[in-house]
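In: Quick one, what's the 3D model for this:
(2 chains)
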Amino acid sequence: MDQQREASTFGMWVFLLTEIMMFGGLFGAYLIYRIKYYDAFVAGSTSISVNWGFANTLVLIGSSFTMAMAVWAAQKGNRKWQINFLILTMILGTVFLLIKAKEYYDKYEECHIPGHIIGKGFNAWGGCKLDDPKLGNIAEEMQEHARNSRRPVPADAFVEQTAKQTEIFFSFYFAMTGLHAFHMVIGLGLLSWLLFRAWRGQFGPDYFTPVELGGLYWHFVDIVWIYLFPLLYLINRTRTGI
Amino acid sequence: MPEKHYLNDNYGIRSWLLTKDHKRIAILYLISVSVMFFVGGIFAALVRLQLLTPNAELFQRDTYNKLFSEHGINMVFFFLVPSVPAILGNFVLPLMVGAKDLAFPKINLMSWYIYIVGAAFSFAALCAGGVDTGWTFYPPYSTGYAKTPVTLLAIGVIFAGFSSIFTGLNFIVTVHRMRAPGLTWGRLPLFVWANYATSIIMILGTPVLAITLILLALERAFHIGIFDPRLGGDPVLFQHMFWFYSHPAVYIMILPGMGVISELVTCFSRKRAFGYPFIAFSSLAIAVFGFVVWAHHMFVAGISTYSALVFSLLSFAVAIPSAVKVFNWTATMYKGSISLETPMLYALAFIGLFTIGGLTGLFLAALGMDIHIHDTYFVIAHFHYIMVGGMVTAYLGGLHFWWPKMTGRMYPEAWAKLSALIVFIGFNLTFFPQFILGYLGMPRRYAAYPPEFQVLNVLSSAGASILAIGFLLPAIYFMYSLAYGEPAGDNPWNAKGLEWQTTSPPPTHNFHHTPVVTEEAYNYGAPEEVPVAH
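Out: Residues are numbered from 1 along each chain as shown, chains lettered A, B, ... in the order given. The predicted structure follows:
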């Protein structure tokens, strides 16, 4: 039994290594473009809601706490609190996804989306003109950012070009948070399976490996968000304020 | 043959499709990977048919693009990557470490199903017309300009990748946690070391390919602009991310083959492995170096001269551990009592062909030379010397070596020797002319070529048909041996290693008693044979 538990935990860590490399490729690509199109990334970053992002960070850290407590309750053999903490974790995970969905919807409304085909059948920068009132905020924010950082206020041509480049920021924003959200959905699936088994009273001081492994996975997904939040939401907010 | 073994333990299709026995899963892999090899082989045959004449007379140029793409994709992702690890590794690795099974039998079965799903997607893409991007999926071929089902195939490759991730994960945990008593790291068979190093690449490299292809699929579905220049993306970034996996993947494809050769050379020379720790650690060194040489595929793609310089230097460095292995194998054979059974013939072919393939790799790693021969048939010949001359040869050698263990029956030796010879001749006739063609400047992936190249191309196509016979023969006599082969006995080669201490075929739980290891690997020439433990 001990050997099995050791092997499973070891296997989970190896799997998380794989996950790190997977997100690593995405983070690497993000960093390259961020260096290349820094101004555009600042503009894009300023346009997403740091409040909702921060709220989500708190929700996820909270869910990590309840997950850790669920593992603890399983180790103690406390069936009632195992179930309670697992349910709490699932609720917090769902809240995270709902907030994320709201953020996505806002971006969609503002035409801050990549590509030609999503939504109303137009390119974000083709169908939505740059002087579209909904889109104006990107250009305004860029001008504002330039004023605040005491750099020469950019010319309109520069603003237009950079605004196009923000589409790449939004590509990464949706790809990275989307992949993360996908992991959250899988995590919720795992949690419901754990909940089912906990409800049947299968976990106790002698056998709690699945809860522990589910916890490892959940914490991993949490940590990915801890990196995503500053990378996407907090680029150079210091001068422009929130 | 033993009365009860893993093949007759229970019957019925369910007992196979729901099996958790690593040996049965290896057989499942053997069947499915062979099918993919056959499909990839048909495309290769069609490519060689087209190139018989200079003027693209057989197929349209678009069709030709699909032929070589499907050949590459089938062979690389669905044959070469899983061949030795998922078939031979799955079968013998747990036996070699004296375990009852892999660490996670269910995940092992799941990896086969994931492979099948991947293969199904790849067939779906084929039915939808096939892709024409080349096996490398470079944008913009694969993004803006592709009218072919690239997304379907990308999904298939992602699945195949995850299947190999799970195999690698299983191997790593098994080697760490499930070794028999007394089997220290220094006593592990070199095949296990090689598969361990391969697994490291699988779990660290494959996810990067997965995310790259996911981004490619998202780009095609939702037009996110990361690789497509029309959307503001950078195609060179795709090449970096693709080769970050696909160069290490070359070592995924060759390292297990090297492991097989280490087993064959020691067994048929009746000698200990010369420089065991050097062979073992050169596998790890290849795995590590393999991750820092990827940009040598991109010397002409517009990367900076300085980074090209560094990548060229590192690419030369990766030749060192490979050469260490070749020298150690030859030193192992030196003054050994060599017997030329079929597996040993393949091993000898491997050493020669791999050396040619490796040395021509150094031509390509040299910056100036690469500009001349980049994307020519020289590259094709180089990597086929590694992949076919190396990996397929090693795979066939290993399959012949362990076939008696897998089935309990011997294959017909004379036919096997003949087909080994045919493979060797056919292979060299196919690919040696391609070195010359490439050096003369014939580019790869073209449907037509100047008439003065025809002689060499005809030679190559003729060689390909000989090679095909060499691959078909084993398929026939292996089937034949299933019914009519001589019973092999537990240890037909008189080989060392725990897998030979159990019956052939092994019982479902591999060993009747947990084996205890008291000596180092390949202790050939010890005064007395180790008693057979049942």
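
In: Pull the contacting residues for the closest residue to B:V97 other than its chain neighbours.
Out: Once flanking residues are discounted, B:V97 sits nearest to B:R179: 4.7 Å by Cβ to Cβ, 6 or more residues apart in numbering or on different chains. Every C-beta, even on glycine, is put in place using the N, C-alpha and C of the backbone. Listed by Cβ atoms under 8 Å, 6 or more residues apart in numbering or on different chains, the contact set of B:R179 reads B:V97, B:G98, B:A99, B:L188.

In: Quick check: which element contains B:R179?
Out: Per DSSP states H and E, B:R179 falls between elements, in no helix or strand.

In: Distance check, it against B:T514.
Out: 11 Å (Cβ to Cβ, to the nearest Å).

In: Between these two, which contacts overlap?
Out: B:G98.

In: what about stretch B:225-236, distance to the chain center?
Out: Distance of stretch B:225-236 from the chain centroid (Cα atoms, centre = their mean, to the nearest Å) equals 32 Å.

In: Flag every residue of chain A that's near chain B.
Out: By Cβ under 8 Å from any Cβ of the partner chain, the residues of chain A that approach chain B are A:3, A:6-8, A:10-11, A:14-15, A:17-19, A:21-26, A:28-29, A:32-33, A:114-118, A:123, A:164-165, A:167-168, A:170-172, A:174-175, A:179.

In: Which members of these are positioned in helices?
Out: Those of these mapping onto helices are A:3, A:6-8, A:10-11, A:14-15, A:17-19, A:21-26, A:28-29, A:32-33, A:164-165, A:167-168, A:170-172, A:174-175, A:179, per DSSP state H.

In: Tell me the pLDDT of the closest residue to chain A within the stretch 351-500 of chain B.
Out: Taking Cβ to the nearest Cβ, chain A has its nearest neighbour within the stretch 351-500 of chain B at B:L498, 18.8 Å off. For B:L498, the pLDDT comes out at 94.

In: give me the number of residues near it?
Out: 24 (other Cβ atoms under 10 Å in any protein chain shown).

In: Now do the contacts for it.
Out: B:L95, B:M96, B:V97, B:G98, B:A180, B:L183, B:F511, B:P515, B:V517.

In: Look up how far B:V265 lies from it.
Out: Taking Cβ to Cβ, one finds B:L498 at 19 Å from B:V265.

In: B:P140 too?
Out: From B:P140 to B:V265 the distance is 46 Å (Cβ to Cβ).

In: Among those two, which residue is more densely surrounded?
Out: Neighbours were counted for B:P140 and for B:V265 using other Cβ under 10 Å; B:V265 has more, 30 against 16.

In: Secondary structure element holding the residue nearest to B:T206 when sequence neighbours are not counted?
Out: Among residues not flanking B:T206 along the chain, B:G161 sits closest, at 4.5 Å (Cβ to Cβ, 6+ apart). B:G161 is part of helix B:150-177, with elements assigned from DSSP H and E.

In: by contact count, what packs against the very next helix or strand once past that helix?
Out: The helix or strand immediately downstream of helix B:150-177 is helix B:190-222, counting by DSSP H and E. In this structure, helix B:190-222 makes packing contacts with helix A:2-36, helix A:156-199, helix B:90-96, helix B:150-177, helix B:235-269, helix B:276-289, judged by 3 or more Cβ pairs under 8 Å, 6 or more residues apart in numbering or on different chains; DSSP states H and E.

In: at 6 Å what do you get?
Out: helix A:2-36, helix B:150-177, helix B:235-269, helix B:276-289 (3 or more Cβ pairs under 6 Å, 6 or more residues apart in numbering or on different chains; DSSP states H and E).

In: And it, what's buried?
Out: B:190-220, B:222 (16 or more other Cβ atoms under 10 Å in any protein chain shown).

In: Let me know whether B:G336 touches B:R272 as I believe.
Out: No: using Cβ atoms under 6 Å, B:G336 is not in contact with B:R272; the gap is 9.5 Å.

In: tally of neighbours for the residue in chain B that chain A sits nearest to?
Out: Taking Cβ to the nearest Cβ, chain A has its nearest neighbour within chain B at B:H223, 2.7 Å off. Number of residues near B:H223 (other Cβ under 10 Å) recorded here: 22.

In: So which residues of the stretch 301-450 of chain B form strands?
Out: Applying DSSP state E, counting those that start in this stretch to the stretch 301-450 of chain B gives no strands.

In: which SS class is B:G130?
Out: Following DSSP: H, G, I helix; E, B strand; the rest coil, we place B:G130 in the coil state.

In: just checking, it touches B:K66?
Out: Yes: in this structure, B:G130 is within contact of B:K66 by Cβ under 6 Å, at 4.1 Å.

In: Convert the C-alpha atoms of stretch B:479-495 to PDB, please.
Out: Only the C-alpha atoms of stretch B:479-495 are listed here, as PDB (Å, rounded to 0.1, in the frame of the first residue of the first chain):
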ATOM      1  CA  MET B 479       2.700 -15.000 -38.600                       C
ATOM      2  CA  TYR B 480       3.900 -18.400 -39.800                       C
ATOM      3  CA  SER B 481       5.900 -19.000 -36.700                       C
ATOM      4  CA  LEU B 482       2.900 -18.300 -34.500                       C
ATOM      5  CA  ALA B 483       1.400 -21.600 -35.600                       C
ATOM      6  CA  TYR B 484       4.400 -23.600 -36.900                       C
ATOM      7  CA  GLY B 485       7.400 -22.200 -35.100                       C
ATOM      8  CA  GLU B 486       9.600 -24.400 -33.000                       C
ATOM      9  CA  PRO B 487       8.900 -24.000 -29.300                       C
ATOM     10  CA  ALA B 488      11.600 -21.600 -28.100                       C
ATOM     11  CA  GLY B 489      12.200 -22.700 -24.500                       C
ATOM     12  CA  ASP B 490      12.700 -20.100 -21.800                       C
ATOM     13  CA  ASN B 491      16.100 -18.800 -22.900                       C
ATOM     14  CA  PRO B 492      16.800 -19.600 -26.600                       C
ATOM     15  CA  TRP B 493      19.800 -17.200 -26.800                       C
ATOM     16  CA  ASN B 494      21.300 -18.200 -23.500                       C
ATOM     17  CA  ALA B 495      21.000 -14.600 -22.600                       C
END
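
In: Can you give the contact residues for it?
Out: Contacts to stretch B:479-495, defined as Cβ atoms under 6 Å, 6 or more residues apart in numbering or on different chains, come from residues B:M1, B:C267, B:P404, B:G408, B:R409, B:M410, B:Y411, B:W500, B:T503, B:S504, B:V532.

In: Drop the exposed ones from those and show what's left.
Out: B:C267, B:P404, B:G408, B:R409, B:M410, B:Y411, B:W500, B:T503, B:S504.
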